[in-house]
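Peer 1: structure of the sequence below:
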Amino acid sequence: MFGFAPYGRYWRDIRKLVMVELLSSQRLELLQHVRDTETSLLMKELYEKSSKNGGQVIVEMKQSLADMAMNIIVRMISGKRYFSADAKGNQEAKRCQETLRNFLYLAGLNLVSDAVPLLGWLDLVKGFIGKMKRTARELDFVLGSWVDEHRRTRLNRSINEEEKDFIHVMLSIMDDSNISADEADTTVKATCLVVHLTLARLLHGFELRTVSDTPVDMTESPGLTVPKATPLEVVLRPRLKKELEMLTANVCYVFRLF
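Peer 2: Just a heads-up that it's a prediction; the model follows:
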């Protein structure tokens, strides 16, 4: 979380490491399979849900898209996949989900002490400070377990370039004095590709409408990502038969390449 660290040598060194090793064009290209896989898994999950309910189903898109985005981020960093139906009953996944969601919520809060430091005691009384400390401890535990697991993996076998996630890269770098900063636009481009591909797959593969055919409620709620106050629920009906789904996936992939 170097973005929250005070500016100094540590901040500059970690920023340089992140820009070169995590957000570089080469690293994003090596992890292209993560974005492709998560998009395909989302389409498969939506199709299976609709197939079990007579061809159409109500889906909360906020949760589905948020889980897909979180899976992409966590897999690129640690190789883990926690946000899915398969993760139900997995205590490690449940703990990670709760910790990351609490962190994103708390990071987006506008506290009284941010504007008037002398009134910081109000945040303490309301319980925000205690919740932040608990979330920080949980986040430290989750990240620490990832690092320990990667260390054990490195001791047992060699890791090829395609398998390396950000933690593997950080553990393997001993001397980064010759690393130069790269363009940060790559992260924006990668996000646009993910959103574009996902929406294309949704629009081509399903007919969508709101549950009551009413306009989408755009009211915002507190949070780092400005989440919607009212979850978006839509009725999905597959356009194509299951055997044609892979054809749709391949066509969308070709359009993305060009």
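Peer 1: what about the strands in the stretch 51-200 of the chain?
Peer 2: Remark: strands assigned in the stretch 51-200 of the chain by DSSP state E, counting those that start in this stretch are 57-60.
Peer 1: pLDDT weak spots in it?
Peer 2: When residues are selected by pLDDT under 70, those of the stretch 51-200 of the chain lie in 55, 85-89, 161-162, 173-200.
Peer 1: quick one: the helices in it, in order.
Peer 2: 61-78, 91-107, 112-115, 120-126, 128-156, 166-172, 185-205 (DSSP state H, counting those that start in this stretch).
Peer 1: residues touching Lys228, list them.
Peer 2: Counting by CB atoms under 8 Å, 6 or more residues apart in numbering, Lys228 touches 62, 217-221. C-beta coordinates here come from the backbone N, C-alpha and C atoms, glycine included.
Peer 1: retrieve the pLDDT associated with it.
Peer 2: In this model, Lys228 is scored at 71, pLDDT.
Peer 1: now swap in the one 10 residues further on and tell me
Peer 2: At Pro238, the model reports a pLDDT of 70.
Peer 1: that one and Lys49 touch, don't they?
Peer 2: No - look at Pro238 against Lys49 with CB atoms under 8 Å: they stay out of range, at 10.1 Å.
Peer 1: the two: who's more crowded?
Peer 2: Pro238 (20 against 16; other CB atoms under 10 Å).
Peer 1: beta-bridge partners for Val234, please?
Peer 2: Val59, Thr210 (DSSP bridges).
Peer 1: now, among the contacts of Lys228, which is nearest to Asp148?
Peer 2: Lys62 (33.2 Å; CB to CB).
Peer 1: which residues does that closest one contact?
Peer 2: 227-228, 231-232.
Peer 1: next, count neighbours for the closest residue to Met132 other than its chain neighbours.
Peer 2: Closest residue in space to Met132, ignoring its immediate chain neighbours: Leu106 at 5.5 Å, by CB to CB, 6 or more residues apart in numbering. By other CB under 10 Å, 18 other residues sit near Leu106.
Peer 1: ok, Leu106 - contacts?
Peer 2: Leu106 touches 128, 131-132, 135, counting by CB under 8 Å, 6+ apart.
Peer 1: columns distance to Asp165 and neighbour count on top of those, output as JSON lines?
Peer 2: Converted to JSON lines, the contacts of Leu106 look like this (distance: CB to CB, whole Å; neighbours: other CB atoms under 10 Å):
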{"residue": "Phe128", "distance to Asp165": "32", "neighbour count": "17"}
{"residue": "Lys131", "distance to Asp165": "29", "neighbour count": "15"}
{"residue": "Met132", "distance to Asp165": "27", "neighbour count": "17"}
{"residue": "Thr135", "distance to Asp165": "23", "neighbour count": "20"}
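Peer 1: just those residues now: which is nearest Ser172?
Peer 2: The closest of those, once distances to Ser172 are taken by CB to CB, is Thr135, at 29.4 Å.
Peer 1: that closest one and Leu100 touch, don't they?
Peer 2: No - using CB under 8 Å, Thr135 makes no contact with Leu100, being 9.4 Å away.
Peer 1: contacts only, for Thr153.
Peer 2: Thr153 neighbours (CB under 8 Å, 6+ apart): Ile159.
Peer 1: please report the distance of it from Ile159.
Peer 2: Look at Thr153 and Ile159: by CB to CB, to the nearest Å, they are 7 Å apart.
Peer 1: tell me who's in contact with Gly120.
Peer 2: Here Gly120 is in contact with 112-113 (criterion: CB under 8 Å, 6+ apart).
Peer 1: and it, how far from Phe128?
Peer 2: Relative to Phe128, and taking CB to CB, Gly120 is found at 10 Å.
Peer 1: tell me the domain ranges of this structure?
Peer 2: If you go by automatic domain parsing, the domain ranges for the chain are 16-79+165-209+232-258, 80-161.
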